[in-house]
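Enquirer: Quick one: sequence plus predicted model below, questions after.
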Amino acid sequence: MIAVGDELRGRHYTRVNDWSKDELRQALDLADALKEAQRRREDHRLLPGRSLAMIFHKPSARTRVSFEVGMTQLGGHALDLRREDIGLGERETIRDTATVLSRYVDAIMIRTFAQADVDELAEHAAVPVLNGLTDATHPCQALADLMTIRERFGTLSGVRLAYVGDGNNVCRSLMRGASKFGMRFTAATPAGHEPASEALEDTRRVAIQQGGTVELTHDPREAVAGAQAIYTDTWASMGQEAERAARRAEFAGFTVDEQLVALAADDAVVMHCLPAHYGEEIAEDVLYGPRSAAWDQAENRLHAQKALLALVVR
């Protein structure tokens, strides 16, 4: 049976910056071990009889399946709670919901719009709270992304990562994670779509301390030149569907296609957190091409989140 330390028991994971580099590395190492155990069909029921409440205010495919399957593989159980079930912050206050759920379950995962709702839930919950996505952050995705890059290159330090597209929640969390491990991160976005400026200077400072860099540009070709990993995401996130037509025009030239990928390093991989919109942020032949690591990313959501759960659930 895989051994898991107690240092992180009871901890929340609401944003990448909640955890130090060493704590994130502990999660990545455990995720690798759990992935290998699953491949070998070895027993790793580290959370027998434990329960996870999953609160969804946004639709989900990968988040729901990976957390639910993950809890099952760890020997526990997951409950799918929709907005109409619990009325978080509507029919009942967030504090009341946190207090009640803490009496029933061993951890709470929430996928919602406002980061403030996640923070309030974590403030009042007596069990760990994991952020499955907000409009501001996507820390579980970032952990799976770092796992995937480390699998491909054997390290994170010094790896050149180019993010092409909208400076959204995925971009911000990935930038934070990359900085902690000394990666060379560049985000190429259209003007007005850069990642939030209030986080930028602190993230750059952390990156420099670790021997890495964080840069912004409006030229995707500049960002991708020599990159080892090229990452993209949808141009219109959930809740921005009405802006989709306008964003297509604003993001013209930011499609990750064969011509853009050709500027990257010879061993470069292409990443996407999915779902994909072919002909917009990525070309279908690239996502299904030999350089694609997107399907490993999707799988690694399972292993990375199992590691989080195994580390924090008492």
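Expert: Structure received.

Enquirer: Can you tell me the SS state at the residue nearest the centre of the chain?
Expert: Central residue of the chain (CA atoms, centre = their mean): residue 141, 1.4 Å from the mean position. Secondary structure, DSSP: H, G, I helix; E, B strand; the rest coil: residue 141 is helix.

Enquirer: residues contacting it?
Expert: Contact partners of residue 141, counting by CB atoms under 8 Å, 6 or more residues apart in numbering, are 133, 170, 173-174, 273, 301. Just so you know, the C-beta spots here come from the backbone N, C-alpha and C atoms, and that holds for glycine as well.

Enquirer: want to throw these into JSON lines with secondary structure?
Expert: Below are these laid out as JSON lines (three-state DSSP):
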{"residue": "133", "secondary structure": "strand"}
{"residue": "170", "secondary structure": "helix"}
{"residue": "173", "secondary structure": "helix"}
{"residue": "174", "secondary structure": "helix"}
{"residue": "273", "secondary structure": "coil"}
{"residue": "301", "secondary structure": "helix"}
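
Enquirer: ok, those residues vs residue 181, which is closest?
Expert: Of all the contacts of residue 141, residue 181 sits closest to residue 174, with 11.2 Å by CB to CB.

Enquirer: my read: the closest one touches residue 148, true?
Expert: No. Residue 174 is beyond contact range of residue 148, at 11.1 Å (criterion: CB atoms under 8 Å).

Enquirer: So for those two, which residue has more residues nearby?
Expert: Set side by side, residue 174 and residue 148 show more neighbours around residue 174, with 30 against 23, by other CB atoms under 10 Å.

Enquirer: Give me the pLDDT value at the more buried one.
Expert: According to the prediction, residue 174 has pLDDT 98.

Enquirer: how far away is the residue nearest to it when sequence neighbours are not counted from residue 301?
Expert: Leaving aside its chain neighbours, residue 174 sits nearest to residue 142 (5.0 Å; criterion: CB to CB, 6 or more residues apart in numbering). Distance, residue 142 to residue 301, using CB to CB, to the nearest Å: 11 Å.

Enquirer: need the contact list for residue 314.
Expert: 9-10, 106, 127.

Enquirer: Residue 284 too?
Expert: 276, 278.

Enquirer: and residue 110, what is it in contact with?
Expert: Residue 110 neighbours (CB under 8 Å, 6+ apart): 54-55, 57, 117-118, 121, 129-132.

Enquirer: what about 6 Å?
Expert: Under the criterion of CB atoms under 6 Å, 6 or more residues apart in numbering, the neighbours of residue 110 are 55, 118.

Enquirer: what helix or strand does residue 31 sit in?
Expert: Residue 31 belongs to helix 21-39 when assigned by DSSP states H and E.

Enquirer: which parts of the following helix or strand past that helix are buried?
Expert: Following helix 21-39 in sequence order, the next helix or strand is strand 51-56 (DSSP H and E). Buried residues in strand 51-56, counted by 16 or more other CB atoms under 10 Å: 51-56.

Enquirer: swap in stretch 210-221?
Expert: Residues of stretch 210-221 classed as buried: 210, 212-214, 216, 218, 220 (neighbour count, 16+ other CB under 10 Å).

Enquirer: What of stretch 125-133?
Expert: For stretch 125-133, the neighbour count (16+ other CB under 10 Å) marks 125, 127-133 as buried.

Enquirer: Which two among those residues are spaced furthest apart?
Expert: Maximum distance among those (CB to CB): 19.4 Å, for 127 and 133.

Enquirer: quick one: contacts of stretch 219-237?
Expert: 149, 159-166, 168, 170, 186, 188, 217, 243-244, 247, 251, 254, 256, 260, 263-265, 268-273, 277, 280-282.

Enquirer: mind listing the strands in the stretch 201-314 of the chain by residue range?
Expert: Using DSSP state E, counting those that start in this stretch, the strands assigned to the stretch 201-314 of the chain run over residues 213-217, 229-232, 269-272.
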